[in-house]
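Asker: From the sequence below, what's the structure:
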Amino acid sequence: MSTLSLDNLRAVNLFDLRSTVVVITGGGSGIGLMISSTLIANGATVYIVGPSQADLNQTCDKFNAAAANIPGAGTMYGIEGDIRLKSEAKRLASEVGKRERHVTALFNNAGILKGSFKRPTASTASAYVSSFFDDITQESFNDTLNTNAVGPYWLTFAFLPLLEKWKFSDDPATKKFGPQIIMTSSMNGWTKDSSTAGLSYPYMFSKSAIGHATSSLAHELLPLGIRVNGIAPGLFPSAMSLPGAPIDESGVAVVPPDAKINFEVPVEQGWGKPRDVGSLALFLLANWYVTGETVLIDGGTLLKHPSSY
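Answerer: Coordinates of the predicted model:
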């Protein structure tokens, strides 16, 4: 076997993302930041999208300073936007298109959790109506569905022309990585136990929707040669899973020593780590042969709790 063929299979070359351009919604915090920081560490140009330009700039400045110390590392840019809206999807694609010739991958990652219920105090219809109907607002449902499921639909199609341009580019990097859309769903798109989903049916419904959209859009986009895959995280430290928790210098929520997990996570470490989801993002970017799949990364949670995964 030649030295060259082995060299191509080394991790440092498989995951060399120099010349790639990646857009990540919600890329400035939580799981999105775990992914975006991993990608710039490996050479990608990353655009993170979020609701506050000031916060995005602060995040980019910090990570770009750290990346400057790594040979071959990439760069992070922030663009403020409301990913729930069709008009914003078009504007965001236009903004990136003004700066880049093409896009390698779009991560539809941004997500929120609203509308949690309190468990009924009695096994009666009135108690259930109080918990699941009276205490849940219409706004909670609308905002969660629009952020977690509807927005990714608009963004997927708004960015198709830039993803197609990557496919037809003569840049050598385009021969190494195929254009792709990656959805962040959740283990809770498949769970049958609301305790794993923060007791939020709006969240569960939205993640079920994006999980199905991943496979159906993968089928729809086959003629374009643009793949669609998904990541279904379990319990990772973030402002969503640990509201009010301090944030460390890498932007990850710090798990308090007394933090309780209200469901079973068989893997000993309990909480997922940045390297876990970051390495999965690297795998999906580098792999040409996976499409229409959502990869569950939940520490075995759904092996313990009823699900349809």
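
Asker: can you map out the helices along the stretch 101-250 of the chain?
Answerer: 125-129, 138-145, 151-158, 160-168, 201-220 (DSSP state H, counting those that start in this stretch).

Asker: Surely residue 284 and residue 228 touch.
Answerer: No: the criterion here is Cβ atoms under 8 Å, and residue 284 misses it with residue 228 at 10.5 Å. All C-beta spots, glycine's among them, are computed from the backbone N, C-alpha and C.

Asker: can you list residues touching both of those two?
Answerer: Listed as contacting both residue 284 and residue 228 by Cβ atoms under 8 Å, 6 or more residues apart in numbering are 180, 182.

Asker: With neighbour numbers in mind, choose between the two.
Answerer: Counted by other Cβ atoms under 10 Å, residue 284 and residue 228 do not tie: residue 228 has more neighbours, with 25 against 21.

Asker: So what pairs up with the more buried one in the strands?
Answerer: Counting by DSSP bridges, residue 228 is bridged to residue 181.

Asker: got the contact list for the residue nearest to residue 240 when sequence neighbours are not counted?
Answerer: Nearest non-adjacent residue to residue 240, counting by Cβ to Cβ, 6 or more residues apart in numbering: residue 113, 5.2 Å away. Taking Cβ under 8 Å, 6+ apart, we find residue 113 in contact with 144, 197, 198, 200, 202, 203, 240.

Asker: try 7 Å this time
Answerer: Contact analysis of residue 113 by Cβ atoms under 7 Å, 6 or more residues apart in numbering lists 198, 200, 203, 240.

Asker: Which parts of this structure are strands?
Answerer: Taking DSSP state E as the test, the strands found in the chain are 21-25, 45-50, 75-80, 105-108, 180-184, 227-233, 294-297.

Asker: ok, back up a step: could you identify which of the contacts of residue 113 has the most neighbours?
Answerer: residue 203 (27 neighbours).

Asker: roughly how far apart are the residue nearest the centre of the chain and residue 210?
Answerer: Nearest to the mean C-alpha position of the chain, by Cα atoms, centre = their mean, lies residue 109 at 2.9 Å. Residue 109 sits 10 Å away from residue 210, going by Cβ to Cβ, to the nearest Å.
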